[in-house]
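A.B. asks: give me a 3D structure for the following:
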Amino acid sequence: MSDVFISYKRENLAAVNRLVEGLRAEGIGVWWDQDIPPNAQWEATIERELAAAKLVIVAWSPAAVASENVKAEARWARQQGRLLQVFVEACEPPLFFGERQGVDLKHWSGEASDAAFRAVLEAVRQGLASASVTPETPVSLAAPPPLPSKPSIAVMPFANLSGDPEQAYFSDGMVEEIVNALSRFRSIFVIASGSTLSFKGKNAAPQEVARLLGVRYVLDGSVRRAGSRVRISVKLIDAEGGAQIWGDRFEDTLEDVFALQDRVALAVAGVIEPTVLQAEIRRASARPTDNLSSYDLYLRAIPLLRPFVRAGVLEALDLLNRAITLDPDFGPALALAAFCHRIIIALRWSDDLKDHRRLGIELAHRALKAAGDDAEVLARVAAGVDGLEDDYAAAVALLERALTLNPGCAFAWMISGNVRVHAGETDAAIERLRTALRLDPLGPYQPHMTGSIGRALFQQGRFSEAVPLLKELAQHFATPMPQAFLAASYGHLAQLSEAQAALARFRALTPETLDRFAVNSLRDPAQRKLFLDGIALAQGGGSASSKP
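C.D. replies: Residues are numbered from 1 along each chain as shown. Here you go, the predicted model:
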């Protein structure tokens, strides 16, 4: 990052290059678009450098006056009090910029002793000196609040890079919508937008904001409008070390401002929740293992469960049981423990499946009673109700409630898709699974989502489309489900060597027979027959139930 950002048009490249070299020779840190690396994202880099600069020099010329980008950058700099104007060609500046004095560089050829350049240099030094004064921030006579027991976040006022003060309402509304969307996640403590908007125009550092508000994470962003389109850039910062742990950019038309705000807010919230959770898991894993709280035990259990390996699931269940002992009403731990029992039953990892079913049902109902307003808890309970109690209607009702509470919860969309795959409602399942992927495209559940879509495609008879998605799931997890559907898909496609290899992998992973697997996995009789026919073809015409 440099102290000075230069906004100009390419027609004036030679004149601006002289200015850049002259300022740098005087020890001034200057950034212009010639510094962008070849493979960098052009617009995102410009926006980042513009927001970070202490002073913005706008080089006016007829081409610059006609440029929407230059005018937008100039308006933003003026609004922030960081604008310095120079004229590299004769022109009338845009409306409202003529009242500000600018330095005439039209005839400057690059000499460091030239009076015009010395005037620019003095103005730059004065501007940087003013910017070095610590900005005013809200003052609290009380000590900063302690960090909450769960992940905490503040959404800062978004910079209005459009420069037009009339667009400030959109930036502020974007903050409020994201705060509202994040507040639906019961696993995150969110500072109200009224508190964070008090920092508007203060240019406070994320670490200072986090200290004053008592939060671990800070979301920063900017809004830039060009004609009928708007671009929203966001970044998530871990205030403890100041590191950016996530960032993204959203772009759309302004046909419906409020629909755009809602769409971006849900997308941002849907990504932030799993990103924050991963950061918290890493933090918990780095702590000493003695005297752990219920929440830390819960965090440690999550990554053990995800690979779907027997030893990991059993260890996760032990940690969750310890967490529940410390806090019997900790809803997320109760729901996750119930989910562990469901996995153990589905993969037949115990000789006493009846007891695991009883414990899973008991824990699921306790979780519902303790945290019935938490979308992720509701989704896990729904998975338990569907798998442990075989109550599809109750599972769907719980999932609809979860998605009403929090439409940005990718996990709830994924479980909703999985439950519908099991029921044979494949079109609805694929739609929900794709929504989950849009909300959390890079999270740890991504292979599960794509694998479930592959399974739904198989159930629709789209075997060649199903195979690559099922293979992706099989590459990540050594579980029998993708192998079974791969075997049936290959059977229908008459790829017998691949089908028999998948059958062998299925048998190595579970003692369950294929006909029993079909009964447990497919409610729809026609889809069950489609599966068993594929298995029969994979076995070279034999019975699907004749071999385990």
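
A.B. asks: alpha carbons only for contacts and neighbour counts from here, please
C.D. replies: OK.

A.B. asks: so which residues of the stretch 201-350 of the chain form helices?
C.D. replies: 206-213, 257-285, 294-305, 310-326, 331-346 (DSSP state H, counting those that start in this stretch).

A.B. asks: angle of the longest one against helix 294-305?
C.D. replies: It refers to helix 257-285. 90 degrees (axes from the mean of the first three to the mean of the last three CA atoms, to 10 degrees).

A.B. asks: chain center to helix 257-285, what's the gap?
C.D. replies: Taking CA atoms, centre = their mean, to the nearest Å, one finds the center of helix 257-285 at 4 Å from the center of the full chain.

A.B. asks: what helices or strands is it leaning on?
C.D. replies: Applying 3 or more CA pairs under 8 Å, 6 or more residues apart in numbering; DSSP states H and E, we find helix 257-285 packed against helix 168-183, strand 243-253, helix 294-305, helix 426-439.

A.B. asks: make it 7 Å
C.D. replies: Contacts defined by 3 or more CA pairs under 7 Å, 6 or more residues apart in numbering; DSSP states H and E place helix 257-285 against helix 168-183, helix 294-305, helix 426-439.

A.B. asks: my read is that Phe158 contacts Gly221, right?
C.D. replies: Yes. The pair Phe158 / Gly221 is scored as a contact, 4.8 Å apart, by CA atoms under 7 Å.

A.B. asks: does Ser162 touch Arg225 like I think?
C.D. replies: Yes. Ser162 lies in contact with Arg225 (CA under 7 Å); the separation is 5.1 Å.

A.B. asks: so for the two, which sits in the more crowded spot?
C.D. replies: Set Ser162 next to Arg225 and count neighbours by other CA atoms under 10 Å: Ser162 wins out with 28 against 22.

A.B. asks: for the more buried one, what are its contacts?
C.D. replies: Applying CA atoms under 7 Å, 6 or more residues apart in numbering to Ser162 gives the contacts 72, 76, 223-225.

A.B. asks: if you set the cut-off to 8 Å instead, what comes out?
C.D. replies: 72-73, 75-76, 223-226 (CA atoms under 8 Å, 6 or more residues apart in numbering).

A.B. asks: quick check, nearest of the residues you listed to Val56?
C.D. replies: Glu73 (8.3 Å; CA to CA).

A.B. asks: look up phi and psi at that closest one.
C.D. replies: phi -70, psi -40 (degrees, to the nearest 10).

A.B. asks: against which helices or strands is the worst-scoring helix or strand of the chain on mean pLDDT packed?
C.D. replies: Using mean pLDDT, DSSP states H and E, helix 193-196 stands out as the lowest-scoring helix or strand of the chain, at a mean of 74. When contacts are defined as 3+ CA pairs under 8 Å, 6+ apart, helix 193-196 sits against strand 152-155, helix 168-183.

A.B. asks: follow-up on the earlier one: which PyMOL command selects the buried ones in the contacts of Ser162?
C.D. replies: The following PyMOL line selects those of the contacts of Ser162 that are buried, judged by 16 or more other CA atoms under 10 Å:
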select buried, resi 72+73+75+76+223+224+225
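
A.B. asks: just the contacts of Ser162 now: which is nearest Glu376?
C.D. replies: Nearest member of the contacts of Ser162 to Glu376, counting by CA to CA, is Val223, at 30.6 Å.

A.B. asks: specify the beta-bridge partners of that closest one.
C.D. replies: Val223 has the following beta-bridge partners by DSSP bridges: Asn160, Ile232.

A.B. asks: and the helices and strands packed on helix 193-196: which comes nearest Trp108?
C.D. replies: Going by CA to CA, the one of the helices and strands packed on helix 193-196 nearest Trp108 is helix 168-183, 38.0 Å.

A.B. asks: which parts of the closest one are buried?
C.D. replies: Quick answer for helix 168-183 (16+ other CA under 10 Å): 168, 170-183.

A.B. asks: ok, Val377 - contacts?
C.D. replies: Contact analysis of Val377 by CA under 8 Å, 6+ apart lists 331-332, 335-336, 367-368, 371.

A.B. asks: ok, now with 10 Å
C.D. replies: If you count contacts by CA atoms under 10 Å, 6 or more residues apart in numbering, Val377 has them with 186-187, 331-336, 364, 367-368, 370-371, 383, 398-399, 402, 411-412.

A.B. asks: just Cys91 next, same as before
C.D. replies: By CA under 10 Å, 6+ apart, the contact list for Cys91 reads 60-65.

A.B. asks: most widely separated two among the residues you listed?
C.D. replies: Farthest-apart pair in those is Trp60 and Ala63; separation 7.9 Å (CA to CA).

A.B. asks: any common contacting residues for these two?
C.D. replies: By CA under 10 Å, 6+ apart, the residues touching both Trp60 and Ala63 are 8-9, 12, 70, 89, 91.

A.B. asks: helices along the stretch 1-150 of the chain, start to end?
C.D. replies: So, for the stretch 1-150 of the chain - with DSSP H, counting those that start in this stretch - the helices run 13-25, 42-52, 62-65, 68-80, 115-131.

A.B. asks: possible to save these as a markdown table with mean pLDDT and distance to Ala265?
C.D. replies: Converted to a markdown table, the helices of the stretch 1-150 of the chain look like this (pLDDT from 0 to 100; distance: least, CA to CA, whole Å):
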| stretch | mean pLDDT | distance to Ala265 |
| --- | --- | --- |
| helix 13-25 | 94 | 39 |
| helix 42-52 | 81 | 19 |
| helix 62-65 | 92 | 34 |
| helix 68-80 | 80 | 23 |
| helix 115-131 | 86 | 32 |
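
A.B. asks: okay, buried residues for the least confident helix or strand of the chain please.
C.D. replies: 193, 196.

A.B. asks: distance between that helix and the chain's centre?
C.D. replies: Centroid separation for helix 193-196 versus its chain: 22 Å, with CA atoms, centre = their mean.

A.B. asks: neighbouring contacts of it?
C.D. replies: Residues contacting helix 193-196 (CA under 10 Å, 6+ apart): 138, 154-157, 172-173, 175-180, 209, 213.

A.B. asks: deepest of the helices of the stretch 1-150 of the chain, which one?
C.D. replies: Of those, the one with the most neighbours on average (mean count of other CA atoms under 10 Å) is helix 68-80, at a mean of 22.

A.B. asks: just want the angle from it to helix 42-52.
C.D. replies: Using the same axes, to 10 degrees: helix 68-80 against helix 42-52 is 20 degrees.

A.B. asks: and helix 68-80, what does it pack onto?
C.D. replies: Counting contacts by 3 or more CA pairs under 10 Å, 6 or more residues apart in numbering; DSSP states H and E, helix 68-80 packs against strand 4-7, helix 42-52, strand 55-60, helix 62-65, strand 83-87, strand 159-160, strand 217-226.

A.B. asks: in TSV, list the ones you listed along with distance to Val276.
C.D. replies: Output for the helices and strands packed on helix 68-80, formatted as TSV (distance: least, CA to CA, whole Å):
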stretch	distance to Val276
strand 4-7	33
helix 42-52	22
strand 55-60	33
helix 62-65	42
strand 83-87	37
strand 159-160	23
strand 217-226	8
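
A.B. asks: nearest to Arg462, out of these?
C.D. replies: Of the helices and strands packed on helix 68-80, nearest to Arg462 by CA to CA is helix 42-52, at 40.1 Å.

A.B. asks: quick one on the thing from earlier: which of the contacts of Cys91 sits closest to Gly81?
C.D. replies: Trp60 (17.8 Å).

A.B. asks: what's the separation between the closest one and Asp3?
C.D. replies: The spacing between Trp60 and Asp3, counted by CA to CA, to the nearest Å, is 20 Å.

A.B. asks: that concludes my questions; thank you for your assistance.
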